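Trainee: sequence and predicted structure are below.
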Amino acid sequence: MKLTYLYYVLMVACFINSLYFLRDTKVKVLAILLLLSILTEICAEVNIYQKVSYYVFYHYFIIVEYALVTLLLSCCIHVKWVRNVMRTSIPVFAVSCTLIMLYLQDIKKLPSINGGIEGAVIVVWCLRAFYELRVEEHSVVFQQPSFWFILAFYIYFVTVTPFNSVFNILQEDAPYLNISTKTFMVINSLANYLLYILCIIGLYYLKRAKYMQQL
């Protein structure tokens, strides 16, 4: 659990840093996502302490997460019809998740089906956002805050989606029960480390860009 608690620190640090740049639409969406992430993790930790299933929170959070990440990435898209497709996918995803919760997957288990769909679609959005990155004059792509935000979500979902999609299957097989639980914790913790570190780097470059504009 130490790995988990350490990335909680990074999550809070990232949220606090984001509060200084709320005039930026992408950062405003990121701040909302981080705040809801913190609240969800608090609820999950309470349930873990009480030895009650906490996956139910993630079934609902995943809908909000998809909506906010998609909105953030759509801010990096310049082609209007692509941006519209991305935003239209939000209610479609919400309805799909609700139906899956009702008819396909127990809310007491990790939302592996919804998570698999979310991860696959967001990776596609990230690739499109990478394609549309515009490098400003006298700058390089690595100095663009958007690059780091896109990279953060791309690496996160590429890392967690494959294993999380099969996690419930592994949990039902006794020989893989313990090792799948430990692997789940390691993969998701490391992915969260990368997510928040890369977002903090993005916020640094946003601060740097603001400073350069004032010169």
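Mentor: Here it is on my side, so go on. Numbering: from 1, shown residues only.
Trainee: looks like Arg134 contacts Cys76 (just checking).
Mentor: No: in terms of CB atoms under 8 Å, Arg134 does not count as a neighbour of Cys76; the distance is 9.3 Å. (C-beta placed from N, C-alpha, C; glycine too.)
Trainee: okay, the two: which has more neighbours?
Mentor: Relative neighbour count places Cys76 above the other of Arg134 and Cys76, with 23 against 10, counting by other CB atoms under 10 Å.
Trainee: longest single helix anywhere in this protein?
Mentor: Longest helix of the chain, by residue count under DSSP state H: helix 177-214.
Trainee: what is the mean pLDDT for that one?
Mentor: Per-residue pLDDT values across helix 177-214 average out to 89.
Trainee: element containing Tyr58, please.
Mentor: Tyr58 is located in helix 55-74, with elements delineated by DSSP states H and E.
Trainee: all helices of the chain, in order?
Mentor: Assignment of helices within the chain using DSSP H yields the ranges 2-18, 25-49, 55-74, 80-103, 112-131, 145-171, 177-214.
Trainee: which strands and helices sit next to the fourth one?
Mentor: Spelled out, it's helix 80-103. Packed against helix 80-103 by the contact rule (3 or more CB pairs under 8 Å, 6 or more residues apart in numbering; DSSP states H and E) you find helix 55-74, helix 112-131.
Trainee: and those: which comes nearest Pro175?
Mentor: Shortest separation from Pro175 across these is recorded for helix 112-131, at 19.2 Å, computed as CB to CB.
Trainee: which stretches of this structure have low pLDDT?
Mentor: Applying pLDDT under 70 to the chain flags residues 1-4, 136-138, 211-215.
Trainee: let me have the helices of the chain in CSV, extended by distance to Ser139.
Mentor: As requested, the helices of the chain are arranged in CSV below (distance: least, CB to CB, whole Å):
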stretch, distance to Ser139
helix 2-18, 21
helix 25-49, 17
helix 55-74, 21
helix 80-103, 23
helix 112-131, 16
helix 145-171, 11
helix 177-214, 9
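Trainee: and those as a markdown table, adding mean neighbour count?
Mentor: Listed next are these as a markdown table, based on neighbours: other CB atoms under 10 Å:
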| stretch | mean neighbour count |
| --- | --- |
| helix 2-18 | 16 |
| helix 25-49 | 17 |
| helix 55-74 | 20 |
| helix 80-103 | 14 |
| helix 112-131 | 19 |
| helix 145-171 | 20 |
| helix 177-214 | 16 |
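Trainee: how close does the residue positioned nearest the centre of the chain get to Val141?
Mentor: With distances taken as CA atoms, centre = their mean, Phe153 lies nearest the centre of the chain, 5.6 Å away. Here Phe153 is placed at a distance of 16 Å from Val141 (CB to CB, to the nearest Å).
Trainee: nearest residue to Ala67 in space, please, no chain neighbours.
Mentor: Once flanking residues are discounted, Ala67 sits nearest to Ile90: 4.7 Å by CB to CB, 6 or more residues apart in numbering.
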